[in-house]
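Asker: What would the 3D arrangement of this be:
(2 chains)
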Amino acid sequence: MSNHTGDLTISQPPGCTENTVTNETPPAPIASTKGLNADLVFKGVTAAFAFSILVILALMALEMVKESLPTIKAFGWEFINSSDWNPVQDTFGALPYIWGSVVSSILALALATPLSVGTALFITEIAPRKFGGVVASLVELLAAIPSVIYGLWGVLVMAPWLQQTVQPFLIEHFGFLPFFQGAPYGVSMLAAVFILMIMVIPIITSITKEVLLAVPQSQREAAIALGATRWEMIRMAVLPYGRSGILGAVILGLGRAIGETMAVTMVIGNTPQISLSLLSPAYTMPSVIANEFAETTSKLHASALMEIGLILLAVTLVINVMARLLLWGMTRQAAGGAK
Amino acid sequence: MLKALRKSLAILATLAVTAAAGQASAATLINGAGATFPYPLYSKWFSEYAKIDPSVKFNYQSIGSGGGIKQITAQTVDFGASDKPLSDAELKAAPGKLLHIPTVMGAVVVTYNISGVSKGLKLKPEDVADIFLGKITKWNDPRIADDNPGLRLPNAPIIVVHRSDGSGTTSIFTDFLSGVSSEWNGKVGKGTSVKWPIGLGGKGNEGVAGQIKTTANSIGYVELAYAFENKLPTATLRNKSGNWVEPSIQSTSAAAAGAVKNMPADYRISLVNQPGKNAYPIAGFTYLLVYQQQKDAVKGKKLVEFLNWSLKNGQKLAAPLLYAPLPENVKKMVEKTIRTIK
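Answerer: Next up, the predicted model:
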């Protein structure tokens, strides 16, 4: 596509191209606007759109760094190393929020990945095509539910269920482990993990499904020809082929989980503490921003929330770049395999 | 082709300008932003006032007290609104003299969910502070039980629920706790967001109420209006004069009446723990923030007219919406303050 446009531009007078696209050189030849080519306009407009995204991102990052300078100066590394978050005293340490975000997202992924990969395998390899299609669209439907609905369901239905049924059971039978100690409040790290798990399943499932569909049929046929059962075929021919793509799906899911605000805020209990126990309430980075930003008490408070945003942006950016690289690797591999 | 496009654009632009100008001459638009707590009352006031003076239109954005203070300081709005009085530093940051105009009062109630106790809990303010400090941990603690001989309090741990979002409700509640407990004042202090010693955080009144509803043996605080609308059980508190006072609109107004003797001219006073036989101890003003020197004479005049109306007629609309109206003696003071706006 881009090559095609490039060919067209070369056929135009060079001055004209530059003018319409970059507006840099004096407007001498632009008098001939009648020759204005729709392709050129299109190219210019789309390029402007693409660059505006970069500019917006850069400006956002710049503004956030600028706004968080007061806390960066005041606390330095202590900001991400301290647990003391006290708006009244103007001391800020973000460690419990970072801990809450990272732990809740990773645990949610640990639970969601096997479920999602299993679902995707069922859709692509096992179910009859029509039935698989129904399951796939139902899973995608989950992604369309607004997160506040998940939050409401979480706090009104799931949290009481956890409190009355699941958590007492865990305390009784696994209470000797540090992960299941304390009182059953319902709202807890566990609740956040469950909510996030449900929210990332559709993302991981649908991407994994596409990845598995990209596995060439010849792979499967070869495995079956060698006498493999269906399970052996999936294990030896399908999954290894889609490995990097599935990893990319998981990382996109992580991006979604770590940035989720509303649903998590409603079920996690909003208590900035670092506890090994999954039953105790916790707090996440997006939640504290959403909770406290509207009513910040001091400049330093606002700056601290900005710095949390900056940390979140950095984490999300790293995750996205990783996902891009992996997906890129997958498509190249798939294209190579098809040849 | 291009020329035609340009022409039609020019026509459109002229049309838009004339339309905007036409609207401007029809009604003066007064912009305001700030506290969410009084928003239902203010929108009622604006719609009622539109019937009396159709030449003025109000546009109020309930973005929170902090946002309201920022906007009025930056002069992007014509009036601000806040649940808490401005600090000296905040007043200094404003480019002109900002007046606090108290409009109505709100109260914060202590609500609970105790197994076997549906209503009638009485609490001393010091005990409320110690519960929220985590020093009273069980419902059948003698300090609570002694005030409630008629209730069967369970031998169960107290689960504390507080607001997780920054809010004026938290500000008033922590102000109250700071006033009754020196330990709270030293350890935690007061503010829209504080470092809670214990407890779970719920987002908004509904988050706290929902948490309490689903958690047995829990305690928390919400706005009076929210508790009444949702028929939540509320604790009766002992006030400064030693009386047990139930939260109500009357007892909230009584708190302001009790404070009138010490009322500073700028109304920057906390209404918690006020003297008075019937004064409920956790109450506070909500304010409009207006510059004394109005930049736009037309808008200024309209704003003053509205403020006077809200004082004379608007107060009657407060109680049905579960806001406490200003007592007579405070109304007289505010009237004088409004007169100083130029």
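
Asker: Only C-alpha atoms from now on, for both contacts and neighbour counts.
Answerer: Fine.

Asker: what about the chain, any weak spots by pLDDT?
Answerer: I'll assume chain A. Across chain A, the ranges flagged by pLDDT under 70 are A:1-35, A:327, A:330-331, A:333-339.

Asker: that's the other chain; I wanted chain B
Answerer: B:1-26.

Asker: For the residue in it that chain A sits nearest to, which three-state class applies?
Answerer: Using C-alpha to the nearest C-alpha, the single residue of chain B nearest to chain A is B:Asp165, 3.9 Å away. Assigned with DSSP: H, G, I helix; E, B strand; the rest coil, B:Asp165 falls in the coil class.

Asker: Grab the nearest non-local neighbour of it.
Answerer: Spatially, and ignoring its direct neighbours in sequence, B:Asp165 is nearest to A:Asn291 (3.9 Å; C-alpha to C-alpha, 6 or more residues apart in numbering or on different chains).

Asker: go on, B:Tyr49?
Answerer: B:Phe306 is the one closest to B:Tyr49 (C-alpha to C-alpha, 6+ apart), at 7.5 Å.

Asker: I figured the residue of chain B closest to chain A hits B:Leu200, correct?
Answerer: No - in this structure B:Asp165 lies outside contact range of B:Leu200 using C-alpha atoms under 8 Å: 11.8 Å.

Asker: what's the burial count for A:Met197?
Answerer: When counting by other C-alpha atoms under 10 Å in any protein chain shown, one arrives at 25 neighbours for A:Met197.

Asker: ok, it touching A:Leu109?
Answerer: Yes - the criterion here is C-alpha under 8 Å, and A:Met197 meets it with A:Leu109 at 6.4 Å.

Asker: Next, the contact list for the residue in chain A that chain B sits nearest to, please.
Answerer: Residue nearest to chain B within chain A: A:Asn291 (3.9 Å; C-alpha to the nearest C-alpha). Listed by C-alpha atoms under 8 Å, 6 or more residues apart in numbering or on different chains, the contact set of A:Asn291 reads B:164-166, B:203.

Asker: quick one: which helix or strand includes the residue most central in space within chain A?
Answerer: With distances taken as C-alpha atoms, centre = their mean, the residue of chain A nearest its centroid is A:Gly255 (1.9 Å). Assigned by DSSP states H and E, A:Gly255 belongs to helix A:239-259.

Asker: Going by neighbour count, which residues of that helix are buried?
Answerer: A:239, A:241-259 (16 or more other C-alpha atoms under 10 Å in any protein chain shown).

Asker: Pull the residues that contact stretch B:206-225.
Answerer: Outside stretch B:206-225, the residues touching it (C-alpha under 8 Å, 6+ apart) are A:155-156, A:160, A:185-186, A:266, B:106-115, B:139, B:156-163, B:169, B:173, B:201-202, B:205, B:247-248, B:321-323.

Asker: circling back: tell me what the helix holding A:Gly255 is packed against?
Answerer: Counting contacts by 3 or more C-alpha pairs under 8 Å, 6 or more residues apart in numbering or on different chains; DSSP states H and E, helix A:239-259 packs against helix A:95-121, helix A:189-213, helix A:299-338.

Asker: so it versus helix A:95-121, what angle?
Answerer: 140 degrees (axes from the mean of the first three to the mean of the last three C-alpha atoms, to 10 degrees).

Asker: Now find how far off-centre helix A:239-259 is within its chain.
Answerer: Distance, stretch centre to chain centre, for helix A:239-259: 9 Å (C-alpha atoms, centre = their mean, to the nearest Å).

Asker: And stretch B:262-279, by the same measure?
Answerer: Distance, centroid of stretch B:262-279 to centroid of chain: 15 Å (C-alpha atoms, centre = their mean).

Asker: again with stretch A:116-136
Answerer: In terms of C-alpha atoms, centre = their mean, the centre of stretch A:116-136 is found 23 Å from the chain centre.

Asker: Which ChimeraX command selects the buried ones in the contacts of stretch B:206-225?
Answerer: Those of these that count as buried under 16+ other C-alpha under 10 Å are selected in ChimeraX with:
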select /A:155,156,160,185,186,266 /B:106,107,108,109,110,111,112,113,114,139,156,157,158,159,160,161,162,163,169,173,201,202,205,247,248,322,323
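
Asker: Which members of the contacts of stretch B:206-225 occur in strands, if any?
Answerer: B:106-113, B:159-163, B:201-202 (DSSP state E).

Asker: And the furthest pair within those?
Answerer: Taking C-alpha to C-alpha as the measure, the ones in strands among the contacts of stretch B:206-225 span a maximum distance of 25.4 Å, between B:Gly106 and B:Ile159.

Asker: Quick check: residues of the stretch 51-200 of chain B near chain A?
Answerer: Within the stretch 51-200 of chain B, the positions near chain A by C-alpha under 8 Å from any C-alpha of the partner chain are B:63-67, B:164-167, B:188-195, B:199-200.

Asker: Not counting its neighbours along the chain, what's nearest A:Gly253?
Answerer: That would be A:Val200: by C-alpha to C-alpha, 6+ apart, it lies 5.3 Å from A:Gly253.

Asker: Next: A:Val135.
Answerer: A:Ile123 (6.9 Å).

Asker: Count the residues that sit near the one you found.
Answerer: Neighbours of A:Ile123 (other C-alpha under 10 Å): 24.

Asker: angle of the helix or strand containing A:Leu40 against helix A:299-338?
Answerer: If you go by DSSP H and E, A:Leu40 is part of helix A:38-75. Here helix A:38-75 runs at an angle of 130 degrees relative to helix A:299-338 (the same axes, to 10 degrees).

Asker: Mind listing what's buried along helix A:38-75?
Answerer: For helix A:38-75, a neighbour-count test (16+ other C-alpha under 10 Å) marks A:40, A:43-44, A:61, A:64-65, A:67-72, A:75 as buried.
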